[in-house]
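Colleague: No letters, just coordinates:
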């Protein structure tokens with residue numbers, strides 16, 4: 001068996017583990033203990049040297065990969081999460097080679113938490129509209145379509161258009177317009193506290209998707225939106241015109257709902273009924 005001393009000079013965790021259900025640690029280098037925050041004695045006393053007790057992801061999936069590697073005599077190479085002594089969740093990249101004669105794995109693990117956190121930040125940036133802190137149009141449409149696959153009840157799509165927003169931008173500048181967009185984003189989150197399917201479609205338009213909702217509840221939301229999204233900045237009054245598509249049976253697609261709510265919105269604008277709402281029931 002290779003001595004763990006061989007791995008002391010490398011800058012990542014190295015272990016020799018039994019091929020058992022706990023991946024029991026036989027030896028580990030100092031970098032591994034530094035990574036997890038436990039001393040060698042603490043790992044033995046508190047966790048019986050069971051590496052598996054540090055893992056927070058589904059062990060059955062990991063063990064399945066281990067068994068596949070043993071059967072195929074291939075190197076293990078995968079990523080999962082562990083928890084260190086301070087209860088901090090860490091992403092690690094695990095590379096392991098199986099020694100059939102000794103029935104052990106030689107394992108090298110690298111902390112890739114920084115990479116996963118950066119990827120998460122990038123993902124959030126790509127999904128979010130930075131001014132409103134709501135989903136952007138692409139992300140919102142994707143989320144609605146995913147929810148529609150599971151939905152078996154009534155559904156509704158609300159489209160909000162901010163009246164006089166262009167006048168505000170042209171008169172007072174885009175900085176004031178940006179403040180209004182941020183204000184609307186905050187208000188929508190307040191009104192729809194438990195709903196994450198909120199988004200900015202672009203410009204001065206916003207949308208909300210709701211499931212398992214009644215026409216009465218929709219009317220209450222619409223009245224609240226008209227009232228709470230009204231703001232006056234230097235004599236320029238911003239209010240909201242709202243088109244709503246209400247699908248009682250939950251059978252319409254995103255495109256169909258969008259068309260119905262957009263038509264309702266256009267009907268209000270065309271007839272100069274700004275600052276009001278219209279529900280199209282299907």
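Modeller: Arrived safely. None of these values were measured; they are calculated from a predicted model.
Colleague: Assign a three-state SS to residue 226, would you?
Modeller: helix (DSSP: H, G, I helix; E, B strand; the rest coil).
Colleague: Likewise for residue 251?
Modeller: Strictly by three-state DSSP, residue 251 counts as coil.
Colleague: Please apply the same query to residue 20.
Modeller: Residue 20 ends up coil, using three-state DSSP.
Colleague: Could I get the pLDDT score of it?
Modeller: On pLDDT, residue 20 comes in at 91.
Colleague: tally of neighbours for it?
Modeller: A count of nearby residues for residue 20, using other CB atoms under 10 Å, gives 12. In short, each C-beta sits where N, CA and C put it, glycine included.
Colleague: can you tell me which helix or strand residue 178 belongs to?
Modeller: Assigned by DSSP states H and E, residue 178 belongs to helix 174-191.
Colleague: I'd like to know which elements that helix is packed against.
Modeller: If you count contacts as 3 or more CB pairs under 8 Å, 6 or more residues apart in numbering; DSSP states H and E, helix 174-191 packs onto strand 134-135, strand 155-163, helix 165-172, strand 198-202, strand 205-211, helix 215-228, strand 231-233.
Colleague: Could you pull out the buried residues of it?
Modeller: 176, 177, 180, 181, 184, 185, 187, 188 (16 or more other CB atoms under 10 Å).
Colleague: same check, this time on stretch 245-260
Modeller: Those would be 245, 246, 247, 252, 254, 257, 258, 260, for stretch 245-260 by 16+ other CB under 10 Å.
Colleague: Next: stretch 263-270.
Modeller: Neighbour counts over stretch 263-270 (16+ other CB under 10 Å) mark 264, 265, 268 as buried.
Colleague: hey, what's the residue lying closest to the first one once chain neighbours are set aside bridged with?
Modeller: Going back to what we said before, that points to residue 264. Excluding its sequence neighbours, the residue lying closest to residue 264 (CB to CB, 6 or more residues apart in numbering) is residue 243, at 3.5 Å. On the basis of DSSP bridges, residue 243 is bridged to residue 159, residue 278.
Colleague: Let me know whether residue 243 touches residue 270 as I believe.
Modeller: No. Contact criterion CB atoms under 8 Å: residue 243 and residue 270 do not qualify, at 11.4 Å.
Colleague: by contact count, what packs against the helix or strand encompassing residue 108?
Modeller: Per DSSP H and E, residue 108 falls inside strand 104-111. Applying 3+ CB pairs under 8 Å, 6+ apart, we find strand 104-111 packed against strand 13-18, helix 30-36, strand 89-99.
Colleague: Let me know which of these is tucked in deepest.
Modeller: Ranked by mean neighbour count, the helices and strands packed on strand 104-111 are led by strand 13-18 with a mean of 21 (mean count of other CB atoms under 10 Å).
Colleague: before we move on, what SS does residue 101 have?
Modeller: Applying three-state DSSP: residue 101 is coil.
Colleague: Give me the neighbour count for it.
Modeller: 6.
Colleague: Next, the angle from the helix holding residue 178 to strand 155-163.
Modeller: Per axes from the mean of the first three to the mean of the last three CA atoms, to 10 degrees, the angle that helix 174-191 makes with strand 155-163 is 150 degrees.
Colleague: Mind pulling the model confidence for residue 123?
Modeller: On the pLDDT scale, residue 123 gets 69.
Colleague: quick check: angle from the strand holding residue 108 to strand 89-99?
Modeller: Going by the same axes, to 10 degrees, strand 104-111 makes 150 degrees with strand 89-99.
Colleague: Can you tell me the strand partners of strand 104-111 and which way each runs?
Modeller: Paired neighbours of strand 104-111 in the sheet (DSSP bridges): strand 13-18 (antiparallel), strand 89-99 (antiparallel).
Colleague: Ok, which of these comes nearest residue 212?
Modeller: Proximity to residue 212 (CB to CB) singles out strand 89-99 among the strands paired with strand 104-111, at 33.3 Å.
Colleague: can you put the buried residues of stretch 263-270 in TSV and add pLDDT?
Modeller: Below are those laid out as TSV (pLDDT from 0 to 100):
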residue	pLDDT
264	94
265	94
268	92
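Colleague: Among those residues, which lie within helices?
Modeller: 264, 265, 268 (DSSP state H).
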